[in-house]
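Peer 1: Next one to model:
(one chain, ligands or ions: 2)
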Amino acid sequence: MIEDLCKRCGKCCHYFWKGEKKRCKFLVDSADGKTECSIYETRLGTIIEGPDEFGQRIECSTKARTKEWIPGCPYNRPEWLRNKKQQK
Ligand code: SF4
Ligand code: SF4
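Peer 2: Numbers count the residues shown, from 1 in each chain. Ligands and ions are numbered 1, 2, ... in the order given. Purely as a prediction, here's the structure:
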């Protein structure tokens, strides 16, 4: 993945947890109006939420793994949008 393509919008650093949309605690607003990750070098695999009483947790992961279509993200792949439409 070519990281230079990232617009640093921070949209992929939000997630749903127990029915609530949350912003990752490691996401920070930059002076240039964009966002950045405060633990960038060690982010992958870091637990960003949980674990709860059932052991559920959310780890930081790459978009290639989450396969989530995010409007405007240059890393989107057409098949991710198709998957999203099929889920509706
Ligand atoms: S959604 Fe895409 S462009 Fe925005 S921060 Fe994530 S990877 Fe970068
Ligand atoms: S830890 Fe992961 S989800 Fe959280 S701000 Fe950093 S890149 Fe985004």
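Peer 1: residue contacts, the residue lying farthest from the centre of the chain?
Peer 2: Farthest-out residue of the chain from its mean C-alpha position, per Cα atoms, centre = their mean: residue 53, at 23.3 Å. By Cβ atoms under 8 Å, 6 or more residues apart in numbering, residue 53 lies in contact with nothing. All C-beta spots, glycine's among them, are computed from the backbone N, C-alpha and C.
Peer 1: Helix or strand: which one has it?
Peer 2: Assignment of secondary structure by DSSP states H and E places residue 53 within no helix or strand.
Peer 1: From here on, call the first residue 301.
Peer 2: Fine by me, first position is 301 from now on; the one you just mentioned is residue 353.
Peer 1: And the pLDDT for it?
Peer 2: Predicted confidence (pLDDT) at residue 353: the value is 97.
Peer 1: got it, and residue 304?
Peer 2: Confidence score, pLDDT, at residue 304: 88.
Peer 1: So which residue is smack in the middle of the protein?
Peer 2: residue 312 (2.9 Å).
Peer 1: ok so that residue is a strand residue?
Peer 2: No. According to DSSP: H, G, I helix; E, B strand; the rest coil, residue 312 belongs to no strand; its state is helix.
Peer 1: Run through the neighbouring helices and strands of the lowest-mean-pLDDT helix or strand in the chain.
Peer 2: None of the helices or strands of the chain scores lower by mean pLDDT, DSSP states H and E than helix 378-387, at a mean of 82. Counting contacts by 3 or more Cβ pairs under 8 Å, 6 or more residues apart in numbering; DSSP states H and E, helix 378-387 packs against no other helix or strand.
Peer 1: So which bits of that helix are buried?
Peer 2: Neighbour-count burial for helix 378-387, counted by 16 or more other Cβ atoms under 10 Å, picks out residue 380.
Peer 1: ok, it near ligand 1 or not?
Peer 2: No. Figure legend: helix 378-387 not in contact with ligand 1 (Cβ under 6 Å from any ligand atom); closest approach 11.8 Å.
Peer 1: on that earlier part again, show me the contacts for the residue nearest to the centre of the chain.
Peer 2: Each residue near residue 312 by Cβ under 8 Å, 6+ apart is listed here: 363, 366, 368, 370, 373.
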